[in-house]
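In: A predicted structure for the sequence below; I have some questions about it.
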Amino acid sequence: MSEKLDTIVSFAKRRGFIFQSAEIYGGLSSCYDYGPLGVELKNNIKRAWLKEMVQKRNDVVGLDSAILSPEIVWEASGHLQGFSDPLVECKECHHRFRADHLLEAKQAEPGYVKEKPVELTDIDCPDCGGKLTEPQDFNLMMKTELGVVEGKKDIAYLRGETCQGIFLNYQNVIDSMRKKPPFGIAQVGKAFRNEITTKHFTFRMKEFEQMEMQYFVDPNDATEYFAYWKTQRMNWYTKLGMKPENLRWRQHEPDERAHYALDAWDIEYNTPWDGWKEMEGVHNRGNWDLSRHSEYSKKDLSYTDQVNNKKFIPFVVETSGGVDRASLMFLADAYSEVETRSGDDNSKHEKEIVLRLHKDLAPIKVAILPLSKKEPLQKLSLEIQDKLKEYLMTEYDETGSIGKRYRRQDEIGTPYCLTVDFDSLEDKKVTVRDRDTMEQVRISIAEVADYFADKFNN
């Protein structure tokens, strides 16, 4: 990992965002656990996505489909036949690599001449310099068995993507919710891929979480809605504070698109450790999915437009993003190191970390900080927290100087710190400090709930 990624990984562990899974046993490769602050960040991202994609719309509904599905689902989707990566193995150290990644890395080297094709025979093992085997297809699906009697078990698969559950429930949603194209089905959930190589922390994992929406449209309207959803998805990231200069669109070349995709674009983020990398995809999947499931299930999944007297299998415009990738990118985008600003005269730090997360994503919204551990201030501080924690995630912290406590909250992205001092006992007011502007305002305790309700409802 690069030094810049190492910084994020170390910070994420130290401040309770992300831990290596099973670390006390040496760790499980490419699997990570979200700590107390990480799970709040991740849940806030999911809530923000569902609010934007479902709650604020009349044409999109939610779904939570099963993780396990029978083998025929993945035969119909094409995953068992074509969901594979080219695997090569080093003959010396036996480390495995994706052949296409090795070729891309070789082509990115300085001095590479594009007109000269690169062959795998020109590439040695990146780890030990040994020779590589010929590439073989490596299926990414995770297979399991259901049943209790050995030899009589049914084959099932952990889903490799969440969207297939949406296609399986397309007709159920139409029937139960009285929907008609154009409409969408949105889902957040786990997916599993037996990746050959995983790297860059939570960017590529074997167990990950997706935020996907499938929008079903008349084939004649697919191009229009494709452009519409591209705009909507890019706007979502910038509205949540991601720097526009770190975002861009990239269209897939015809030879890199999925076989069913009529068009495909990625929102890429300019990572500080590996340049531009995919964060979310918007795809025109055509009618591939519903056609295949109609064929394999023997169920007619076409739609009859009675107004215009025509029948068609809807095209699908897909938006597909990763919760884990979004969490990593929001962390990287918000992470900043600034000159010491906490006002703590005893601080030994020349630099301080400020995590400038959007207030809707911040794990802790308000920190309650009594200036002293004396009982009257503790009591008043806890009474104020009781009012706020009904609708906001709060944290109570009475340990250390006020400067150190400000610094701790800045590091985890808390937008507001509320300080209760000795004057509060007399004038019934507290001081609220803004993380980004460092502006401090004195407000009445009686107005605290309304003050923060206004801050988090804008």
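Out: It's in.
In: host element of D410?
Out: Secondary-structure assignment from DSSP states H and E places D410 in helix 402-411.
In: what residues are up against K311?
Out: In this structure, K311 makes contact with S302, Y303, T304, D305, judged by C-beta atoms under 8 Å, 6 or more residues apart in numbering. C-betas here are computed from N, CA, C, even on glycine.
In: Then P363?
Out: Listed by C-beta under 8 Å, 6+ apart, the contact set of P363 reads P36, L37, G38, E40, L41, N44, M393, I412, G413, T414.
In: picking up where we left off before, convert the helix holding D410 to CSV, retaining C-alpha atoms only.
Out: Output of helix 402-411 as CSV, limited to C-alpha atoms (Å, rounded to 0.1, in the frame of the first residue of the first chain):
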residue,chain,number,x,y,z
ILE,A,402,-11.1,21.3,26.5
GLY,A,403,-8.5,21.8,23.7
LYS,A,404,-7.7,18.1,23.7
ARG,A,405,-11.4,17.2,23.6
TYR,A,406,-12.0,19.6,20.7
ARG,A,407,-9.1,18.0,18.9
ARG,A,408,-10.5,14.5,19.4
GLN,A,409,-13.9,15.5,18.1
ASP,A,410,-12.4,17.3,15.0
GLU,A,411,-10.5,14.0,14.2
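In: hang on, the earlier thing: hmm, which of the contacts of K311 are the buried ones?
Out: By neighbour count, with 16 or more other C-beta atoms under 10 Å, the contacts of K311 hold Y303 as buried.
In: Tabulate the contacts of K311 in TSV, adding columns for secondary structure.
Out: Formatted as TSV, the contacts of K311 follow (DSSP: H, G, I helix; E, B strand; the rest coil):
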residue	secondary structure
S302	coil
Y303	strand
T304	strand
D305	strand
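In: for the contacts of K311, which one is nearest D324?
Out: Each of the contacts of K311 was checked against D324 using C-beta to C-beta; the closest is Y303, at 34.3 Å.
In: residues contacting the closest one?
Out: For Y303, the set of contacting residues under the criterion of C-beta under 8 Å, 6+ apart consists of I174, K180, P181, F216, K311, F312, I313, P314.
In: Surely H283 forms part of a strand?
Out: Yes. Secondary structure of H283, determined by three-state DSSP: located in a strand.
In: Pick out the residue nearest the middle of this protein.
Out: V323 (1.8 Å; C-alpha atoms, centre = their mean).
In: can I assume that one is in contact with E209?
Out: Yes. Counting by C-beta atoms under 8 Å, V323 does reach E209; the two are 3.9 Å apart.
In: Quickly list what's touching both of the two.
Out: K42, K46, V188.
In: I'd like to know which elements the helix or strand containing the last one is packed against.
Out: Secondary-structure element containing V188, defined by DSSP H and E: strand 183-192. With contacts defined as 3 or more C-beta pairs under 8 Å, 6 or more residues apart in numbering; DSSP states H and E, the packing partners of strand 183-192 are helix 36-50, strand 60-63, helix 163-168, strand 207-217.
In: what sits up against that strand?
Out: For strand 183-192, with C-beta under 8 Å, 6+ apart as the criterion, the contacting residues are 46, 49-50, 53-54, 57, 59-65, 67, 142, 158-163, 165-166, 169-170, 173, 206-216, 323.
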